[in-house]
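Enquirer: Test case, fold it:
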Amino acid sequence: PSPSVNPPENPYLIGVGRADCTGPVADLPMTGYANTEQTVRGIHTRLFSRAFIVDDGSKRVVFITADIGMVSQRLRLEVAHTLFWVSSSVVMGKVYIKHFSYNSTWGFIGYVSALSWFAVSDNLGYASYAFEQEKNIGFLPGEGPFVAGFSSSNLGDSSPNIRGPVCVNTGEKCDYLNSSCPIGGKKACIAFGPGEDVFESTRIIGKNMSKKAKELYSSAKQELHGPVYGAHQWVNMTDETHTGRTCKPALGHSFAAGTTDGGGEFNFIQGDTDGDPFWDGIRDAVLGPPSNETTACHQPKPILFSTGEMDSPLPWHPATVDVQIITIGSLAIVAVPGEFTTMSGRRIREAVKESFANAVVVVAGLCNIYTHYITTYEEYQIQRYEGASTIYGPHTLSAYIQRYRGLARAIAHETIGELPKGPEPPFFDEDKFFNQVKDPVADVASADTTFGDVLQQVNPVYKVVGLAGRCQSKVEWHIPLTAQTGTYWIQHFGHYNQFTDNNTITPYVGTSDAFKVTRSFYYY
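Expert: I've put the predicted structure just below:
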């Protein structure tokens, strides 16, 4: 809305900040698909964290969102300690914070930020980039006065690959339950985004989210006013009792199957409630079998890794997690420690609304600590990837609903001080940490060059043109280290549309020359 001429009775003091949190961009392993060969090999856009602080004159809260995959518990503890703030006031929804300032003198200086939540998992960083570039005219990315935060919500079972999964070798639909194909198995069942490649898909989806956020931002009519609250507890999620009880953490066989966004290795499939004696035998020999208690607690999940019983050199999964709600007037932000599915998020919102009848309730996902996925009890029974990754068992959602109801009631009745703090998580000594990053190899410049030389210069002039009307297909094979040596050809099968009266569709095949894959160039 247009700013009032007179200040509100109790105006908020608001500060926003942005900081570059880009890490190393070469040779480091990534965590997306648990694939050791998936390493960082360049940079698409720089990564930023964005902080939003609201002070009602007596209490303050800060929400931080960052372009990172997840927040570690150690990072959350370190930031709260550095700020000298209590845990109830700090929400880290994926994070680092730069210093901020605010002007306590009343006066409208223009809109300085926007914060939104989307229940999708990818491309939020690009959405922030697009929104800020439109508002910060003439500034480089990551600079300028306007800060746009795009945060995760209940995104556990959503995908940016909106064209859906198909069998890439036949064009048929994948098996729904197992996400696999009759020929090629799960590796042939792949989902695709709206673009021709991941870069175009990122741009399309990111700009769509930015566009929708701008529409909501421009049409907003409800002002927030009222006190600011923060309620927080530590919870031992391995032994929460309600109508059921939670379990020590464990990952199921379908966790190793991956999803249609990126399949896992070997013969694991989604929807597996039986397990595989072969892999169970390897697990037992290397890590030891899960206890009978944990096995029974997680049913119908067949356990692949009983991570709650694995503590060398450190616990593989957390036992103690954060539950937290902050309110800013009539806005309630439910900070959840993982990836809630669409229906799980809906149920947690309804539970919190019982205490906040007139409030807007938002689920902020992946906050403070990462605990994989949280499905409904019904979704858990099917044991797709998300159910197999619900690490505290089938009653995980019920336990969280019970806890968040308690936080909401404490805020509504102003009894936050009576909430038990709960068991604080361990703060591990750094001498127990270990590094999985390989030692770097020596960098060698190409022949007759030195580092910093430009190998291919830009053209002096570029002309923006339309489509040339010429079709080309580009085929690249990124040869894996596991490829067998031998002679190969690349064949491309396609169809083209002949410009005739009946628009004939004609198949074609393109075949490359033969080439060898070898461990050495001295193969003759």
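Enquirer: quick one: the strands in the stretch 301-450 of the chain?
Expert: Under the criterion DSSP state E, counting those that start in this stretch, strands of the stretch 301-450 of the chain are mapped to 303-305, 320-328, 331-335, 339-340, 360-364, 373-374.
Enquirer: so which of those strands comes closest to Trp234?
Expert: strand 320-328 (5.3 Å; Cβ to Cβ). C-beta here means a position set from N, CA and C on the backbone, and glycine is covered the same way.
Enquirer: Quick check: buried residues in stretch 181-197?
Expert: Cys181, Gly185, Lys186, Ala188, Cys189, Ile190, Ala191, Phe192, Gly193 (16 or more other Cβ atoms under 10 Å).
Enquirer: so how far is it off the chain centroid?
Expert: How far stretch 181-197 lies from its chain's middle: 21 Å, per Cα atoms, centre = their mean, to the nearest Å.
Enquirer: contact partners of that stretch?
Expert: For stretch 181-197, contacts defined as Cβ atoms under 8 Å, 6 or more residues apart in numbering pick out 159-170, 172, 174-175, 178-180, 200-205, 257-258, 260-261, 263-264, 267-270.
Enquirer: Switch the strands of the stretch 301-450 of the chain over to a markdown table; also include mean pLDDT, mean neighbour count and distance to Trp489.
Expert: Formatted as a markdown table, these follow (pLDDT from 0 to 100; neighbours: other Cβ atoms under 10 Å; distance: least, Cβ to Cβ, whole Å):
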| stretch | mean pLDDT | mean neighbour count | distance to Trp489 |
| --- | --- | --- | --- |
| strand 303-305 | 98 | 23 | 38 |
| strand 320-328 | 96 | 24 | 52 |
| strand 331-335 | 97 | 24 | 54 |
| strand 339-340 | 96 | 29 | 42 |
| strand 360-364 | 96 | 21 | 51 |
| strand 373-374 | 98 | 26 | 42 |
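Enquirer: looking at those strands, which is closest to Val458?
Expert: strand 339-340 (42.2 Å).
Enquirer: Now do the helices in the stretch 401-524 of the chain.
Expert: Counting by DSSP state H, counting those that start in this stretch, the stretch 401-524 of the chain forms no helices at all.
Enquirer: Can I take it that Asp280 is in a helix?
Expert: Yes: Asp280: assigned to a helix according to DSSP: H, G, I helix; E, B strand; the rest coil.
Enquirer: if I look at it, how far off is Asp272?
Expert: Separation of Asp280 from Asp272 (Cβ to Cβ, to the nearest Å): 12 Å.
Enquirer: quick one: common contacting residues for these two?
Expert: Joint contacts of Asp280 and Asp272 (Cβ under 8 Å, 6+ apart) are Pro302.
Enquirer: Between the two, tell me which one has more neighbours.
Expert: Between Asp280 and Asp272, Asp272 has the larger neighbour count (other Cβ atoms under 10 Å), namely 24 against 16.
Enquirer: My guess is that one contacts Ala257. True?
Expert: Yes: if you go by Cβ atoms under 8 Å, Asp272 and Ala257 touch, sitting 7.2 Å apart.
Enquirer: Find residues that contact each of those two.
Expert: Shared contacts of Asp272 and Ala257, counting by Cβ under 8 Å, 6+ apart, come down to Ala388.
Enquirer: which residues does the residue nearest to Gln484 when sequence neighbours are not counted bridge with?
Expert: Excluding its sequence neighbours, the residue lying closest to Gln484 (Cβ to Cβ, 6 or more residues apart in numbering) is Val517, at 7.4 Å. Beta-bridge pairing of Val517 under DSSP bridges involves Gly486.
Enquirer: is it true that Val517 touches Trp489?
Expert: No: here Val517 does not reach Trp489: they are 11.4 Å apart, not a contact under Cβ under 8 Å.
Enquirer: Name the residue in the two with the higher neighbour count.
Expert: Val517 (13 against 9).
Enquirer: can you tell me which residues contact the more buried one?
Expert: Ile479, Ala483, Gln484, Thr485, Gly486, Tyr488.
Enquirer: let's see 6 Å
Expert: Going by Cβ atoms under 6 Å, 6 or more residues apart in numbering, Val517 touches Ala483, Thr485, Tyr488.
Enquirer: and the last one, how many neighbours does it have?
Expert: Here the count is done by other Cβ under 10 Å, and Tyr488 has 14 residues near it.
Enquirer: Then Glu78?
Expert: Neighbours of Glu78 under the rule other Cβ under 10 Å: 12.
Enquirer: pretty sure it belongs to a helix, no?
Expert: Yes: counting by three-state DSSP, one finds Glu78 located in a helix.
Enquirer: Quickly note the distance from it to Val71.
Expert: 11 Å.
Enquirer: secondary structure class for Val61?
Expert: strand.
Enquirer: Tell me what it is bridged to.
Expert: Beta-bridge partners, per DSSP bridges, of Val61: Val54.
Enquirer: Appreciated, that's everything.
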